[in-house]
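Engineer: model this:
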Amino acid sequence: MTTEAVRRALQASGVRPLRVPDAVSALGSGYAADAYLVRTAEGARVLRLPKAPLSYSAPLLQREARLLHVLERYDLGVTTPRGMRPIRDGRAFLGTIHEYVEGTPFASRLPGVARERLCTGIGRFLAALHAVPTVAAIRAGAVERDLWPDLYRGLIAETLPQLGGAARAWLAQTADDFVRDGGTQHAPRVLVHGDIQQKHLLVDEHGALSGVIDFGEAQVADPALDFAGVLNQLAWTDLERVWVAYRAAGGRLDTDVERRVRFYIAVVPIYRVLYGEAAEGPAERLAGIRHLAARAAAATRRGASSDG
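Structural biologist: Here you go, the predicted structure:
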């Protein structure tokens, strides 16, 4: 994103950075938006500018602003972006701005006590988020989805032609098995974050979960999607720790949740295949294709081992 785009967005927002070096600095980048830290006399703010294609990223940011305003009414046990508002120049949507959320993404390698503390925090947060009334979330613009027919069937159909033979066969078989075993037709629907991953889960100096950011993919859908997100950087044993805390905080797990979690995490590379090039460049798309090929190869090895 160019300096001119940042300048234009800040001018339209009415936010005035301090007159000091590095008053505006790059904070991070995701598939939907680039983020900038803006230091002001009133405190730090986060400016988020949509990335191309705008038809995908701009609506996510606008829905996120409406939903976060509603979430401020609920105690989620962590800090979420507050005061988020859209920035417009006339009718043109430029981005959003909100208060900075303190904390840092959790470390990839965690000692036992810190890992237990993190998993407990995630479980409590998800229990609180999943308990938010879906009516309020939908009223704020959250989309309600039955994830197989409304999302994954189409995503997989778009991905298959881009894969080599082995990966294509594995992905098609994985999808067929998932549908045969029930798909998502009996999955509960709750408000989910939709993009649980390391950089969105912020911890304090003691390693406790203190903040959660980036609700652009939030939707009313299968809670197993958030549990699969835990597996982006953590292990299955960690997810089981999350579930202990989730239940203790009042969350309910249906008997079929594990099957759906395993499907969502198995096919997660399809997002890199479909959206990686527009967001990060051709290498990101190729990485997704290689990731799916590796999963197909691993499945073949497991099959050969069991046959032997």
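Engineer: now the helices for the stretch 201-308 of the chain?
Structural biologist: 224-230, 236-248, 257-266, 270-280, 282-307 (DSSP state H, counting those that start in this stretch).
Engineer: now the shortest one: mean pLDDT?
Structural biologist: When the per-residue pLDDT values of helix 224-230 are averaged, the result is 98.
Engineer: dig out what the closest residue to Gly121 other than its chain neighbours forms beta bridges with.
Structural biologist: Closest residue to Gly121 apart from its sequence neighbours, by CB to CB, 6 or more residues apart in numbering: Leu209 at 2.9 Å. In this view, the C-beta of every residue, glycine as well, is placed from N, C-alpha and C. Under DSSP bridges, the beta-bridge partners of Leu209 are Val203.
Engineer: list the contacts for Leu209?
Structural biologist: 78, 106, 117-118, 121-122, 124-125, 201-203 (CB atoms under 8 Å, 6 or more residues apart in numbering).
Engineer: on that earlier part again, looking at the helices of the stretch 201-308 of the chain, which is nearest to Val6?
Structural biologist: With respect to Val6, and counting by CB to CB, the nearest of the helices of the stretch 201-308 of the chain is helix 270-280 at 18.5 Å.
Engineer: same for that closest one, what does it pack against?
Structural biologist: Judged by 3 or more CB pairs under 8 Å, 6 or more residues apart in numbering; DSSP states H and E, helix 270-280 is in contact with helix 153-159, helix 282-307.
Engineer: any chance of the ones you listed in a markdown table, plus mean neighbour count, mean pLDDT and distance to Tyr246?
Structural biologist: Below are the helices and strands packed on helix 270-280 laid out as a markdown table (neighbours: other CB atoms under 10 Å; pLDDT from 0 to 100; distance: least, CB to CB, whole Å):
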| stretch | mean neighbour count | mean pLDDT | distance to Tyr246 |
| --- | --- | --- | --- |
| helix 153-159 | 16 | 98 | 27 |
| helix 282-307 | 14 | 90 | 27 |
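Engineer: make JSON lines out of the ones you listed and add distance to His193.
Structural biologist: JSON lines is the format used below for the helices and strands packed on helix 270-280 (distance: least, CB to CB, whole Å):
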{"stretch": "helix 153-159", "distance to His193": "18"}
{"stretch": "helix 282-307", "distance to His193": "21"}
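Engineer: figure out which of those is closest to Arg252.
Structural biologist: Nearest of the helices and strands packed on helix 270-280 (CB to CB): helix 153-159, 26.6 Å.
Engineer: chain center to the closest one: distance?
Structural biologist: 19 Å (CA atoms, centre = their mean, to the nearest Å).
Engineer: same check on stretch 109-118?
Structural biologist: Taking mean C-alpha positions (CA atoms, centre = their mean), stretch 109-118 and its chain are 21 Å apart.
Engineer: just stretch 165-179 next, same as before
Structural biologist: Per CA atoms, centre = their mean, the centroid offset for stretch 165-179 relative to its chain is 24 Å.
Engineer: what does stretch 159-175 give?
Structural biologist: Counting by CA atoms, centre = their mean, stretch 159-175 comes out at 24 Å from the chain centroid.
Engineer: buried stuff in it?
Structural biologist: Buried residues in stretch 159-175, defined by neighbour count with 16 or more other CB atoms under 10 Å: 159-160, 163, 167-168, 170-171, 174-175.
Engineer: same list (these) but as a markdown table, adding distance to Phe263 and secondary structure.
Structural biologist: Formatted as a markdown table, the entries for the buried residues of stretch 159-175 read as follows, by distance: CB to CB, whole Å; DSSP: H, G, I helix; E, B strand; the rest coil:
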| residue | distance to Phe263 | secondary structure |
| --- | --- | --- |
| Thr159 | 14 | helix |
| Leu160 | 16 | helix |
| Leu163 | 17 | coil |
| Ala167 | 16 | helix |
| Arg168 | 17 | helix |
| Trp170 | 13 | helix |
| Leu171 | 11 | helix |
| Thr174 | 7 | helix |
| Ala175 | 8 | helix |
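Engineer: can you give me the helices for the stretch 51-200 of the chain?
Structural biologist: Counting by DSSP H, counting those that start in this stretch, the helices of the stretch 51-200 of the chain are 54-71, 112-130, 134-139, 147, 153-159, 165-180.
Engineer: got a list of what the most centrally placed residue in the chain touches?
Structural biologist: Centroid-nearest residue in the chain: Asp195, 1.1 Å away (criterion: CA atoms, centre = their mean). Asp195 makes contact with 214-217, 229 under the criterion CB under 8 Å, 6+ apart.
Engineer: dump the helices of the stretch 51-200 of the chain into JSON lines; add distance to Gly251 as well.
Structural biologist: Below are the helices of the stretch 51-200 of the chain laid out as JSON lines (distance: least, CB to CB, whole Å):
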{"stretch": "helix 54-71", "distance to Gly251": "17"}
{"stretch": "helix 112-130", "distance to Gly251": "4"}
{"stretch": "helix 134-139", "distance to Gly251": "15"}
{"stretch": "helix 147", "distance to Gly251": "19"}
{"stretch": "helix 153-159", "distance to Gly251": "27"}
{"stretch": "helix 165-180", "distance to Gly251": "23"}
